[in-house]
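Colleague: Next input, structure requested:
(one chain, ligands or ions: 1)
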Amino acid sequence: MKYYRRTKRGMVITEDLNEIFSTWRVGEKWLFVGPHDDDIILGSGLLLQAALRNNVDVFALVATDGRMGYCNAEQEHTISQVRKKETLDSFRILGLPEENIFFANIPDCDTNSYIGRRKAKNDDPEIKGYTGLQNAFTYFLRKVTPTRVFLPTGADLHPDHKIIYQEMLISLFHAGGNIWPELGPALKNVPWAYEFSVYCDFATPPTIKVLADDLIFQKKLEGVLAYKSQEQIASLVENLKNGGPVEFFKSVDMAFYHPENHTAEF
Ligand SMILES: [Zn+2]
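Modeller: Next up is the predicted model:
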């Protein structure tokens with residue numbers, strides 16, 4: 001594996017994973033978040049394997065339940081279960097054990113109905129009596145206590161991707177505060193967040209490149225093919241093959257407001 005990091009002082013090229021983050025510390029714990037089950041492997045399946053090989057504690061959180069991803073009528077009512085099994089199979093190929101994989105079970109293609117947090121009713125996916133993306137994300141962030149979080153860029157066209165991005169970033173703040181104590185103790189350190197691309201490109205250029213060995217690349221392709229119910233998956237594998245064994249990442253830009261930011265403008 002080879003890693004590249006663009007810095008203000010030039011390009012760092014290294015074979016050590018711990019050199020791609022200036023903030024690396026002992027006991028790294030990474031949470032990969034996917035709006036849908038296959039997003040994590042498509043956008044970061046190489047980095048995820050590199051992390052496992054470097055003894056990083058790795059977790060995956062799939063936000064939606066995949067209920068709208070049926071390609072034939074027989075699977076209309078069973079697709080969520082089919083995809084859950086495929087998700088576990090796919091992550092097993094990458095080396096991630098089942099107990100490190102979480103599902104928030106938010107209805108696929110309906111994430112806009114689950115923005116925020118409210119009391120759970122009827123069939124809502126529920127944690128501690130509440131539902132919503134911010135409820136689920138705050139809960140899982142406090143449960144995992146990650147040092148870094150990786151998720152698809154909010155620049156994607158897919159509304160589920162935009163909404164998961166927005167809801168995860170605000171949940172980082174919720175998880176680090178004292179609100180909603182039933183969801184677990186506040187995080188001592190808010191994790192660093194990074195984005196990767198799945199379908200649409202980054203809004204601004206990425207700063208980290210991962211170049212993988214063939215063995216790791218083949219595992220990624222094999223893992224993608226585990227999503228057998230998704231009939232478009234073969235064309236995605238073709239795209240990945242054409243792109244080669246690379247992935248790109250960038251840290252999430254948080255433009256915090258301070259009045260001093262604008263002092264010089266007046
Ligand atoms: Zn997706």
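
Colleague: And the residue minimising distance to the centre of the chain, its phi and psi?
Modeller: Nearest to the mean C-alpha position of the chain, by CA atoms, centre = their mean, lies residue 33 at 2.3 Å. Main-chain dihedrals, residue 33, degrees, to the nearest 10: phi -120, psi 130.

Colleague: so it bridges to which residues?
Modeller: Taking DSSP bridges as the rule, residue 33 bridges to residue 61.

Colleague: Run through the residues that contact it.
Modeller: Applying CB atoms under 8 Å, 6 or more residues apart in numbering to residue 33 gives the contacts 40, 60, 61, 63, 137, 149, 150, 151, 164, 168. Bear in mind the C-beta positions are built from the backbone N, C-alpha and C, glycine included.

Colleague: in the chain, which helix or strand is least confident?
Modeller: One helix or strand of the chain scores below all others by mean pLDDT, DSSP states H and E: helix 233-243, with a mean of 91.

Colleague: buried ones in stretch 155-162?
Modeller: 155, 156, 158, 160, 161, 162 (16 or more other CB atoms under 10 Å).

Colleague: Need the max-distance pair from those residues.
Modeller: Within the buried residues of stretch 155-162, 155 and 160 form the most distant pair, 13.7 Å apart (CB to CB).

Colleague: Which residue ranges of the stretch 51-200 of the chain form strands?
Modeller: 57-64, 101-106, 118-119, 130-131, 148-152, 192-196 (DSSP state E, counting those that start in this stretch).

Colleague: Kindly reformat those strands as CSV containing mean pLDDT, mean neighbour count and distance to the ion.
Modeller: Compiled in CSV, those are given as follows (pLDDT from 0 to 100; neighbours: other CB atoms under 10 Å; distance: least, CB to the ion, whole Å):
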stretch, mean pLDDT, mean neighbour count, distance to the ion
strand 57-64, 98, 25, 8
strand 101-106, 97, 22, 12
strand 118-119, 98, 12, 24
strand 130-131, 98, 22, 21
strand 148-152, 98, 26, 7
strand 192-196, 97, 21, 12
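
Colleague: So the nearest residue to residue 176 once chain neighbours are set aside versus the ion, what's the distance?
Modeller: Nearest non-adjacent residue to residue 176, counting by CB to CB, 6 or more residues apart in numbering: residue 190, 4.2 Å away. Distance of residue 190 to the ion, computed by CB to the ion, to the nearest Å: 25 Å.

Colleague: mind listing what residue 190 touches?
Modeller: Residues near residue 190 by CB under 8 Å, 6+ apart: 172, 173, 175, 176.

Colleague: can you check residue 34 too?
Modeller: 40, 60, 61, 62, 63, 151, 152.

Colleague: Counting neighbours, which bits of stretch 252-259 end up buried?
Modeller: Buried, per 16+ other CB under 10 Å, within stretch 252-259: residue 252.

Colleague: what about stretch 205-225, start to end distance?
Modeller: End-to-end span of stretch 205-225 (CA to CA, to the nearest Å): 29 Å.

Colleague: If you could redo that for stretch 70-83, that was the one I meant.
Modeller: 10 Å.

Colleague: same deal with stretch 191-211?
Modeller: 24 Å.

Colleague: Out of the contacts of residue 190, flag the one nearest to residue 230.
Modeller: Nearest to residue 230 among those, with distances taken as CB to CB, is residue 172, at 29.7 Å.

Colleague: what about the closest residue to residue 25 other than its chain neighbours, distance to residue 180?
Modeller: Closest residue to residue 25 apart from its sequence neighbours, by CB to CB, 6+ apart: residue 147 at 6.8 Å. Distance, residue 147 to residue 180, using CB to CB, to the nearest Å: 22 Å.

Colleague: For the two, indicate the residue with more neighbours.
Modeller: residue 147 (21 against 18; other CB atoms under 10 Å).
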